[in-house]
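K.L.:
Sequence first, predicted coordinates after that:
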Amino acid sequence: MAQTKMLYMEDNYIKSFEAKVIAVGENYVVLDQTAFYPEGGGQECDIGTLLFDNHTITISMVKRDSGEVRHYLEDFDKLPDKGEIVNCSIDWERRLIHMRYHTAIHVLSTFMKEHYSTECVGNNISTRNGRADFNLIESLTGEDLKKIENGINEIIAKNLPVKITFMPRDEAIKYLEEKGYQTDYIQMVPKSVKTFRVISVDDYDHASCAGTHVKNTSEIGNIKVVKRRSMGKGKERITLSFEEN
Ligand SMILES: [Zn+2]
């Protein structure tokens, strides 16, 4: 199994990079390092291009398969060989939208914890919108949605810095517990994972997360709470959209 270094874990702003091909499949390559986010954790994957030896190929999907991070390629005459150096570029417009929605959902999660005593139990980030599910006994009203929209926009407008910190497992759990978060979801991560990546939106929101985020909430812009759906008894879905959409 060829292992890939995930560059976005430390730096979410790498738009293009050089990498070595370490495995080649029928329609995919595995690279020694990548800044492409593979589909997972509720977030859509990055797409982009791969350039080698005067060939430009579309990377149409990136996902984990059989323990590898595979970059699936489209419309190619020739694939690079194992050992070859390639240049990859991310579709940045799409990625930045994902980062903005994803960071907004972090803010929303803490807002819901503070005002409705509930934690996020699922989320989905795409280019169209960001969605998050919450356990709530009572249905949210139109008034609640307005309060949530105003509340998260107020926090976003504070231009809060977003920080990435790597912590040993026990330290990360202790840190999140001290900040008042439940840590069941990270306790379930296999013990073989020894380091956790903790995302902090200044001192407002803290979470163990492997997704991609903006470095300051000023990049998110104004958010609209556009739709809420009842997901069955006790569960509500909040959908976020940008003003310009
Ligand atoms: Zn996140």
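P.N.:
Everything's here; your move.

K.L.:
count of neighbours near M61?
P.N.:
Residues lying near M61 (other C-beta atoms under 10 Å) number 19. From N, CA and C alone the C-beta is placed, and that goes for glycine too.

K.L.:
same deal with K235?
P.N.:
16.

K.L.:
do the same with S192
P.N.:
S192 - counted by other C-beta under 10 Å - has 5 other residues nearby.

K.L.:
And M9, by the same measure?
P.N.:
Neighbour count of M9, defined by other C-beta under 10 Å: 16.

K.L.:
Check T58 too.
P.N.:
15.

K.L.:
Please report the distance of F52 from V86.
P.N.:
Look at F52 and V86: by C-beta to C-beta, to the nearest Å, they are 4 Å apart.

K.L.:
where do the contact lists of these two overlap?
P.N.:
P80 (C-beta atoms under 8 Å, 6 or more residues apart in numbering).

K.L.:
So C88: helix, strand or coil?
P.N.:
strand (DSSP: H, G, I helix; E, B strand; the rest coil).

K.L.:
List phi and psi for the nearest residue to it once chain neighbours are set aside.
P.N.:
Nearest residue to C88 in three dimensions, chain neighbours excluded: L50, at 5.2 Å (C-beta to C-beta, 6 or more residues apart in numbering). Per-residue torsions, L50: phi -130, psi 130 (degrees, to the nearest 10).

K.L.:
Just the closest residue of this protein to the ion, please.
P.N.:
Going by C-beta to the ion, the ion is nearest to C209 of the chain, at 3.2 Å.

K.L.:
re earlier: my guess is the residue nearest to C88 meets V29, correct?
P.N.:
Yes. Using C-beta atoms under 8 Å, L50 is in contact with V29, at 7.3 Å.

K.L.:
before we move on, the earlier item: if the residue nearest to C88 is in a bridge, with which residues?
P.N.:
Per DSSP bridges, the residues bridged to L50 are I57, C88.

K.L.:
where do the helices sit along the protein?
P.N.:
92-116, 142-156, 169-178, 184-187 (DSSP state H).

K.L.:
So L50 and V29 - more neighbours on which side?
P.N.:
Comparing L50 with V29 by neighbour count (other C-beta under 10 Å), the higher total belongs to V29, at 28 against 23.

K.L.:
Would you mind listing the residues in contact with the more buried one?
P.N.:
V29 neighbours (C-beta under 8 Å, 6+ apart): V21, A23, L50, R70, H71, L73, L79, P80, V86.

K.L.:
what's around the fourth one, how many residues?
P.N.:
Translated: R70. The number of residues packed near R70 is 21, by other C-beta under 10 Å.

K.L.:
With that, I have no additional questions.
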